[in-house]
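Peer 1: predicted structure and sequence below. I'll ask about it afterward.
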Amino acid sequence: MVRDVVTRYLDRSGYQVQVAGDGEQAMHAVAGRVPDIVILDLMLPRLGGLEVCRRLRSESADLPIVMLTALGEEEDRVLGLELGADDYVTKPFSPRELVLRVASVLRRSREVPAAREAETAHVTDGDLRVDVLGRRASLGDRALALTVREFDLLAFLVRRPGQVFTRAELLEQVWGWNFGDQSTVTVHVRRLREKIEANPTKPTRIATVWGVGYRYDGHSSP
């Protein structure tokens, strides 16, 4: 029933929808034709949603994934975000809210920075390089495999060194949400640190400002 309702609302909003009834079908469908976005229910037969998320993310760092989770599945939701999901919607949910979330994730995966930010479209911080226009980042001679939200978060912070942002502010500025579970930000910061910090347990780039939020210090900051 959930699948049929979601499909109907997405169809009405102009999206072409391909449906998979279980996790194995989902993997075959993506292998046959890579979609612009995946809406992934965690409660899937044959191959669970978390495993599907892990496999999809191992094959593509930039394929947007939106999870559907039940209200009591906070542990699974956090694990899904840690596995690389970009967003989530908690059941029971408004189909209109899901369509808005899909549009938000797709827009951010495709958007070009505004002209006023053109001067920071390419940012270098030591061995970290971020190409905002090309949505690419590298550390040394290694390209970073970042999800849509991870790249958005890195691009936002690296262009604003020394500024402190609360999790609520990051949720609004990066995710485009005026409300939501702020643990989403915490999980993405942790994942980002694992990819850009020499020692994620002692970060030198993304600092935690206790009781407030996060600040990008970088190697060039005092």
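Peer 2: Sure, I can see it.

Peer 1: tell me where this structure is predicted with low confidence.
Peer 2: 71-73, 111-120, 178-180, 219-222 (pLDDT under 70).

Peer 1: pretty sure M67 is in a helix, no?
Peer 2: No. Counting by DSSP: H, G, I helix; E, B strand; the rest coil, M67 is not part of a helix but strand.

Peer 1: could you give the bridge partners of Y214?
Peer 2: F165, T208 (DSSP bridges).

Peer 1: wait, isn't it in contact with R205?
Peer 2: No. Y214 sits out of contact with R205 when judged by C-beta atoms under 8 Å, with a separation of 10.4 Å. No exception for glycine: its C-beta is placed from N, CA and C like everyone else's.

Peer 1: gap between Q16 and R101?
Peer 2: 18 Å (C-beta to C-beta, to the nearest Å).

Peer 1: what about the helices in the protein?
Peer 2: 2-12, 23-32, 49-59, 74-83, 95-110, 148-158, 167-170, 183-196 (DSSP state H).

Peer 1: with distance to V130 and mean neighbour count added, can I get the ones you listed in JSON lines?
Peer 2: Shown next, in JSON lines, are the helices of the chain (distance: least, C-beta to C-beta, whole Å; neighbours: other C-beta atoms under 10 Å):
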{"stretch": "helix 2-12", "distance to V130": "32", "mean neighbour count": "14"}
{"stretch": "helix 23-32", "distance to V130": "28", "mean neighbour count": "15"}
{"stretch": "helix 49-59", "distance to V130": "20", "mean neighbour count": "18"}
{"stretch": "helix 74-83", "distance to V130": "22", "mean neighbour count": "18"}
{"stretch": "helix 95-110", "distance to V130": "15", "mean neighbour count": "17"}
{"stretch": "helix 148-158", "distance to V130": "5", "mean neighbour count": "23"}
{"stretch": "helix 167-170", "distance to V130": "17", "mean neighbour count": "18"}
{"stretch": "helix 183-196", "distance to V130": "10", "mean neighbour count": "19"}
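
Peer 1: dump the ones you listed to JSON lines, plus distance to G126.
Peer 2: Compiled in JSON lines, these are given as follows (distance: least, C-beta to C-beta, whole Å):
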{"stretch": "helix 2-12", "distance to G126": "43"}
{"stretch": "helix 23-32", "distance to G126": "36"}
{"stretch": "helix 49-59", "distance to G126": "27"}
{"stretch": "helix 74-83", "distance to G126": "26"}
{"stretch": "helix 95-110", "distance to G126": "26"}
{"stretch": "helix 148-158", "distance to G126": "11"}
{"stretch": "helix 167-170", "distance to G126": "23"}
{"stretch": "helix 183-196", "distance to G126": "10"}
